[in-house]
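coordinates for the following, if possible.
(chains A, B and C)
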Amino acid sequence: MPELYYGGDYNPEQWSPEVWAEDMELMRRAGVNLATVGVFSWSSLEPEPGRYEFGWLDQVLDLLHGNGIKVNLATPTASPPPWFSLAHPDALPVTADGVRLMHGSRDTYCVSAPAYREAAVGIARVLGERYRDHPALAMWHVHNEYGSTCHCDHVAASFRTWLQRRYGELGALNAAWTTAFWSQGYSAWEQVFPPRRTQYLPNPSQMLDFRRFLSDELLTAYQEQKSVLRALTPDIPITTNFVFGAWVPVDHWRWSREVDLVAIDHYPGSAGIEAEQQTAFGADLARSWGGGRWLLMEQAAGSFNVGGRLHSKEPGRMARNSVSHIARGSSGALFFQWRASQGGAERFHSGMVPHAGADSRAFREITELGELLPRLAEADSAEVEAEVAILWDAESWWATDGPALPSPAIDYLAAVQAAHRQLWQLGIGTDFAHPTADLTAYRVVVVPSLYLAGAEVIASINQYAASGGQLLITALSGIADETTQIRLGGYPGAFRELLGIRVEEFLPVDGTIELDTGELAEGWSERVLLEGAEAIARYQGGVLDGWPAITRRDNVWYSSTWLTDPAYRSLMTQVVHAAGITPAELPAGIEVITRRSADARYRYILNHTAGDVRLPYDGIDLITGEQTDGEVTVAAGGWTALRTKPAEQPPGESVAKRNQSITGC
Amino acid sequence: MPELYYGGDYNPEQWSPEVWAEDMELMRRAGVNLATVGVFSWSSLEPEPGRYEFGWLDQVLDLLHGNGIKVNLATPTASPPPWFSLAHPDALPVTADGVRLMHGSRDTYCVSAPAYREAAVGIARVLGERYRDHPALAMWHVHNEYGSTCHCDHVAASFRTWLQRRYGELGALNAAWTTAFWSQGYSAWEQVFPPRRTQYLPNPSQMLDFRRFLSDELLTAYQEQKSVLRALTPDIPITTNFVFGAWVPVDHWRWSREVDLVAIDHYPGSAGIEAEQQTAFGADLARSWGGGRWLLMEQAAGSFNVGGRLHSKEPGRMARNSVSHIARGSSGALFFQWRASQGGAERFHSGMVPHAGADSRAFREITELGELLPRLAEADSAEVEAEVAILWDAESWWATDGPALPSPAIDYLAAVQAAHRQLWQLGIGTDFAHPTADLTAYRVVVVPSLYLAGAEVIASINQYAASGGQLLITALSGIADETTQIRLGGYPGAFRELLGIRVEEFLPVDGTIELDTGELAEGWSERVLLEGAEAIARYQGGVLDGWPAITRRDNVWYSSTWLTDPAYRSLMTQVVHAAGITPAELPAGIEVITRRSADARYRYILNHTAGDVRLPYDGIDLITGEQTDGEVTVAAGGWTALRTKPAEQPPGESVAKRNQSITGC
Amino acid sequence: MPELYYGGDYNPEQWSPEVWAEDMELMRRAGVNLATVGVFSWSSLEPEPGRYEFGWLDQVLDLLHGNGIKVNLATPTASPPPWFSLAHPDALPVTADGVRLMHGSRDTYCVSAPAYREAAVGIARVLGERYRDHPALAMWHVHNEYGSTCHCDHVAASFRTWLQRRYGELGALNAAWTTAFWSQGYSAWEQVFPPRRTQYLPNPSQMLDFRRFLSDELLTAYQEQKSVLRALTPDIPITTNFVFGAWVPVDHWRWSREVDLVAIDHYPGSAGIEAEQQTAFGADLARSWGGGRWLLMEQAAGSFNVGGRLHSKEPGRMARNSVSHIARGSSGALFFQWRASQGGAERFHSGMVPHAGADSRAFREITELGELLPRLAEADSAEVEAEVAILWDAESWWATDGPALPSPAIDYLAAVQAAHRQLWQLGIGTDFAHPTADLTAYRVVVVPSLYLAGAEVIASINQYAASGGQLLITALSGIADETTQIRLGGYPGAFRELLGIRVEEFLPVDGTIELDTGELAEGWSERVLLEGAEAIARYQGGVLDGWPAITRRDNVWYSSTWLTDPAYRSLMTQVVHAAGITPAELPAGIEVITRRSADARYRYILNHTAGDVRLPYDGIDLITGEQTDGEVTVAAGGWTALRTKPAEQPPGESVAKRNQSITGC
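Residues are numbered from 1 along each chain as shown, chains lettered A, B, ... in the order given. Below is the predicted model:
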């Protein structure tokens, strides 16, 4: 019988042994079975260079083991101790302005500094050697949320080496970066620097390559630790927890190949129903990165932070959010952190045990969920259904995250989320895919604002279109090649022929634009000439009055504008209909996720509304074990999971074969 | 007969001797009796290292003396001359980013730099030796508006010494700062730094201790000068002018014990009636710091600056504002500055003599006020009545002035001002008190957002409650101990038992919240469990519908939300009624301050409105010398001061004994 | 027959020789006759120190020559190559914060660094020597958009030398800068620095002198190159392209005397009709700087950037904007750039050949305009009519572009543009003039917010008033002398007697203010005492109710407030009527520019509206060659140019003699 992970970051070094004893009792009560230990423990483990204090950690691991709790053991390399800064000031990170940061927070290291890299591998080795045979050890958690940047001379040297590998000759770099513009031509490698503060607009190709480099450099640092740990503990899975944000220079598709289990930390940046959409978005992305298997490594137990202020999770929401992740394939629900800290910068980050203690609504809900989770475990290996894929490309995000683009409103993440949101609202299971993945198993592929498109990407998308699947491409796709150089002759250079159109110019706008369908778009429009496609919606009013807004050429669709949600949903409905998919007609705020294994089908129903809802689904309730009689009631703010036999699947539905191997990245 | 000080900063070094002659004539015309001289004169007094030019200052002091004007002589240490920067570049201040500032403004020094400290004491000694016997010398004005910060290595060294004194062992610091969080554990003192720019959120305990250290470090610098001057001129009072603002790391309770007379510079940061409330707030604070006696050292004569733009004081306002300060105990009304500068950064700061010259409305009003002020002098030693005290705690301000709190809307100053504003609007005289002061003489004590509460504070407040006084505590009080570590088991840990409640979680909100009284609160709410208290108002609607919002347990009241003014006034009215105080029913915009001496009672009535007002007060008008006949008319924008015999005091009123000795700070 | 220049920046180093071939074909098709080459070519011309690659440029110049296109050859000194940064790190610019910038953009040099100055003259000499006899060479384009700043020690040394020349003695500088304020007195020259980051408000006189210094320092650098080129090519005109903005420390009046032809780059910062007004404003300014002759060196061909987002020029607008410049005297219409870049920071800056290529609306319009332009050439030497002059003073702009002024809403540029906008809307031709120019040929002179007024300026304006011309002065004029020291005794000190008023105080306001004319002003008011003038409008309501707002004393007018457009137009109408000028009654959005030569008169009519317009103008259409019959129709968004005989001039109109020699600056 599989088991779902339940637990979270456990930081006993912040507490006394008396508290540890209470922790064990409460963890048992809550059904915790996995604790992430040691994430920021370097200064507790090695308080002075070479002097180690493992006694406390020995005790903690023994305690956990004695209480039947497995350990996800972290290497503490995200935060070197203060003594490290003094011993190696050159390993402190430097901003683009040249400010060398000081310790006093977390992540104050330069990933390219040799002293840091050596020390990181060193502490990982010491930990691996000490705990390789500990019976509680279940997983290695390397580092924490890789994503920091630096602009120092170590980074400069390493960046040059990376560029030499990428471009070979300096001439190739000069061409790729268009250094002829503004007299930036390099005549020797040592003239190339990270993008430090400069006088005016930076070179966009340099910016993009720097983020690519940082992703690879951080990955190399991860792999160094992984090698050491793999050699010591060949059977223990090794991973790191991904974090997600515009500032994180990490290409998660590439990293996913290097971890044994994709793990994410997930903190939606909004409240209300948007947070639920973000939860689904992040979970679908993580599942896609993981090829189906992944783990929610961190989420907030109680209040969550949006824009600097706490938002309390109303009763039931913590459990519903956890089930939302599990329904989408997470092998459990973990939290940061077990116990809310009493001090330190994140003292108001909620915990499974809040400041108020175990006698609290928050901890009671934790305990209730712990009791129910094992009943969901049987579905852990069942595949999440998805007939639609959205392309996801970190590099297109990075390439459109800078100055001097046609509009400051360009927002890659928003474009991808908008595509996902329509499908979420239509109740259609959705994967993400890398642009060069084999897409042919999907009935519909959506390509939102895929700004960069190299030859391989173009071939992949053309191949999908040729296979007959419905393909929806949105504005700002295919504009540039891998170097960010514009594809000439009319936008979108990469997909002009495929789409049967030619765009002469961009017309970003403020506010909304009317379409002749009566629907609204906003922020962006284009002068589109039809060269084989037909217009299925046209601009109305303004300088583009009567010009095509949305086009279609057989199975290939294009939106030249940023549709508002109602307009986008209407277009998406047309596209999926063309693919033979009939969206479920779900009430607003109701979410259904479907999974399938060899011998069962599962439905998870989440009710994000304030009222009970009754839905025509049948099956055995995994929680109560009872068979529903044609209808199921889901309580306000609650959730239900049902199992049916595959034979009970309605005729006409089919499951897309998931793209299990990510290629070309 | 006592005399009220009238005058201001006088900067003759900016003007020619011809202007000095006119100054004397105009000062006499205006009734000026005190001039603050030399505040920023270092480069004029010591243009090159060790070469002094005292001739001009000799002349000026003689001129002032010859015209019957006393001198408040400043040490010029707030701004070392440019030559000092070149001689001691290490004494220029450094930002948290590592930017070493350059001279070209004011206050470009590092308070911990040995060269600066030596030079400051040196120039103070030279001044003291030269003018110790000058007949005009009436007061020493050390430095100006202490409050600058620095993050350099001198500061780092001094901060470590301060921390060693506070914590003794490094382990105690590690515990107090929760350095186990994010691997910040220190294994040697030299690893500890001021809070320089770091990667992410800073350590809140480090931030708080740094502000405490800065207050003490600046105070030590003050005391060094004071010792020198005291030795030279034992009979001359020594002070410095306090300035007030979120950026000023000075704990004025502690400093007040070290000055012979509390003096403040007061520039309200808003216009309209809010400026009048701020005036009252600042004056009550200064009087409380001073134990009853204080002096308004600077205010704007004409226009005042709000948000970078000048606001003209309409006719009468300069006088009314001056009387507002005097009524609350200031021993005079001084201005920055005598004559508006012709150049320099503050050339548009108004002066008693404006750019337009003496033939101006502004100067005519100065002259009129100078004529009237002596008639108010008799009340200078009378005590201001106050039956209510509000606790004021700079450290709680500092502790809640940072990132990663439950809400960015948390605002200690606003919380204290809101409490004071209700009392101001109810016409109730109010003192401020240190949290460990003996509070028992007050009928009501208000504790707004006293975030930090150590054992001594808890004992003091419990003792007050036990004495039977009405105690109103508001949200975010008693959350943490002196180190900023959260008190566990339910908020507000320090006062949970006293209040008879337990708060399980904070629910900051955007916008307003309804109460079942029909009134509104905003920004903040809490999940309050009653454990002995009763709810006197409950939340209505939202996730806390029906939960307690305001509670009472006998004489102890708690508001778990930020009440809007009408709701707060209504609560405050209940609290003061419970204490047997009946608020005066004053028309809006009318302010009455009451003082009492052994043989007289004084009423100051300020009319902030645009219409004349008639009020039922009797007494002898200090300005006209006439007895009112049961009613007094105060002109639009004007003021009146009345004297009655103490016997005329209505029965049932009583005067709280002011807390004269500030203890425990 | 004169020729109008048509073409733009040509950057062949960004493209392959195959593209050059197409460029020649397209340039011929478009009628291009001038290409600006080499602006940012340093790293292409000298890829390593002392190693030159001229082959490509030889080819390009030969190609252009072979195709009948003249060359405006640039020295590439605005952007030294990366190797230069490594060879001379001290020549990289430093911010006020002390951050030394890195290459990676453009303009990363310090103008005062000896190594930079030497290298700049060196590359100019090499270019001059190589191409002095090339038949295509028609003009030298030194550098590009001079305007960068630096705060390093080279700049400090040079600034001190400049100050020594200006002030002679240090005491004079101390007096001029009011260093007695805040103890800034200098006792040695080495204590004086550029305005680096300091603790609080900077010294405004230091700020102003630093901008003056930068203007002169940049000019010296320009002149060094000019001397070299002049010696090599005495017959080739030498210029540089002016750029305009608050951050540009260049006094264009002074610079205009040093260039053979004033040239500007013009990118309006707004869209819609405001952009047309800005176009007229910039063109009138450039013509005035140039004494009648000038050249539009850069404008956007297609989209233009406002606030970071592209705005497409709707069909016809590119041509209409070009004609707007030419009508105001530009000897042609040039663009940045010929071909939109494929990469680099400005890849979305539009080009004459857009990304879409020659088969595009944008390029077709370029071709059409190229065909028409020669028909406008005959008017190139005709004088633009202007009976009104507005004073323009960069130093008053700089002096009011800083902190600690009476209001952050003070905006010199806006004040000048507001004056120009009223005249533009009234259809009255307007010049700009330096404050010390001979103004007597103008019927009306407007003096908007001329904050600084030295003795010479006062004399010039008094002389104009004495000559009987109508003089309109607006608020914040004449407040300070050249050092920024306030003129005392009542504002505006410089013009108090002339205006017959005395202002006692400034009353900046938020929002609007009513006048007794029923019209509105906003943002600013003053307490004005009449001392000889009469009030022609008064404030209504508020603290200034009934006080004068607009005054008149014979031919001298004063507005003490910032009038809204309707109120300002009404005042301006009164003023021009008093001067005997009758404004044309043009429909909204219609613009008419009039020019005159010895034997012809020209009218350019621009229709900025979306509808055709019919106007009662007669003449021969320069485009069609046909005689209109009393009325002319100008198409929506279009333009027309008509020639009449001078005799056809209506009686009573006269042309002001333009002030050809700029004096006193």
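
from the rest of the structure, what touches the helix or strand A:Thr161 falls within?
Here A:Thr161 sits within helix A:153-167, counting by DSSP states H and E. With contact meaning C-beta atoms under 8 Å, 6 or more residues apart in numbering or on different chains, helix A:153-167 is reached by A:90-91, A:94, A:110-114, A:173, A:176, A:189-190, A:192-194, A:209-210, A:213, A:216-217. In short, each C-beta sits where N, CA and C put it, glycine included.

and it, average pLDDT?
Helix A:153-167 shows a mean pLDDT of 98.

now for the next helix or strand after it, which elements pack on it?
Downstream of helix A:153-167, the next assigned helix or strand under DSSP H and E is helix A:170-176. Applying 3 or more C-beta pairs under 8 Å, 6 or more residues apart in numbering or on different chains; DSSP states H and E, we find helix A:170-176 packed against helix A:153-167.

list the buried residues of the helix it packs on.
Within helix A:153-167, the residues scored as buried using 16 or more other C-beta atoms under 10 Å in any protein chain shown are A:154-156, A:158-160, A:162-163, A:167.

need the nearest residue in space to the closest residue to chain B within the stretch 501-650 of chain A, chain neighbours excluded.
Scanning the stretch 501-650 of chain A for the residue nearest chain B gives A:Ala610, at 10.2 Å (criterion: C-beta to the nearest C-beta). Nearest non-adjacent residue to A:Ala610, counting by C-beta to C-beta, 6 or more residues apart in numbering or on different chains: A:Ala636, 5.3 Å away.

my read is that that neighbour contacts A:Leu606, right?
No. Counting by C-beta atoms under 8 Å, A:Ala636 stays clear of A:Leu606, with 11.5 Å between them.

more crowded one of these two?
Between A:Ala636 and A:Leu606, counted using other C-beta atoms under 10 Å in any protein chain shown, the more crowded position is A:Leu606 (24 against 13).

surely that one is in a helix?
No. Counting by DSSP: H, G, I helix; E, B strand; the rest coil, A:Leu606 falls outside a helix, being strand.

how near is it to chain C?
39 Å (C-beta to the nearest C-beta, to the nearest Å).

who's in contact with that residue?
With C-beta under 8 Å, 6+ apart, A:Leu606 has these contacts: A:276, A:320, A:323-324, A:327, A:590-593, A:634, A:639.

out of these, which sit inside helices?
Judged by DSSP state H, those include A:276, A:320, A:323-324, A:327 as members of helices.

and A:Gln627, what pLDDT?
Looking at A:Gln627, the pLDDT reads 95.

below-threshold pLDDT in chain A: ranges please.
A:1-2, A:646-665 (pLDDT under 70).

report the residue ranges of every domain in it.
Split into domains by automatic domain parsing, chain A comes to A:388-578, A:590-648.

go through the ones you listed and pick out the most buried.
The highest mean neighbour count among the domains of chain A, using mean count of other C-beta atoms under 10 Å in any protein chain shown, belongs to domain A:388-578: a mean of 21.

ends of that domain, how far apart?
The first and final residues of domain A:388-578 sit 13 Å from each other (C-alpha to C-alpha, to the nearest Å).

that one close to chain C?
Yes. Counting by C-beta under 8 Å from any C-beta of the partner chain, chain C has neighbours in domain A:388-578: A:403-409, A:483-486, A:488-491, A:502-508, A:510, A:527, A:543.

surely A:Pro406 is in a strand?
No. Looking at A:Pro406 with three-state DSSP, it is coil, so not inside a strand.

wait, isn't it in contact with C:Arg309?
Yes. The pair A:Pro406 / C:Arg309 is scored as a contact, 6.8 Å apart, by C-beta under 8 Å.

list residues touching both of the two?
By C-beta under 8 Å, 6+ apart, the residues touching both A:Pro406 and C:Arg309 are A:Pro508.

the domains of chain A: which one's closest to B:Leu127?
Closest approach to B:Leu127 among these (C-beta to C-beta): domain A:388-578, 54.2 Å.

off-centre distance for that closest one?
21 Å (C-alpha atoms, centre = their mean, to the nearest Å).

do stretch A:330-341 as well
17 Å.

swap in stretch A:570-586?
26 Å.

right, is whichever helix in chain A runs longest up against chain B?
Longest helix in chain A by number of residues (criterion: DSSP H): helix A:204-232. No. Using C-beta under 8 Å from any C-beta, helix A:204-232 never reaches chain B; the gap is at least 14.5 Å.

okay, buried residues for that helix please.
For helix A:204-232, by 16+ other C-beta under 10 Å, it's A:204-219, A:221-222, A:224-226, A:228-230, A:232.

and the contacts of the helix or strand that that helix is followed by?
Next in sequence after helix A:204-232, counting helices and strands by DSSP H and E, comes strand A:238-239. Contacts to strand A:238-239, defined as C-beta under 8 Å, 6+ apart, come from residues A:139-142, A:226, A:229-230, A:259-263, A:295.

mind checking the backbone torsions on A:Val613?
With angles defined as degrees, to the nearest 10, A:Val613 sits at phi -140, psi 150.

so it sits right up against A:Glu631, yeah?
No. If you go by C-beta under 8 Å, A:Val613 and A:Glu631 don't touch, sitting 10.4 Å apart.

looking at the buried residues of helix A:153-167, which one is closest to B:Ala389?
A:Val155 (57.1 Å).
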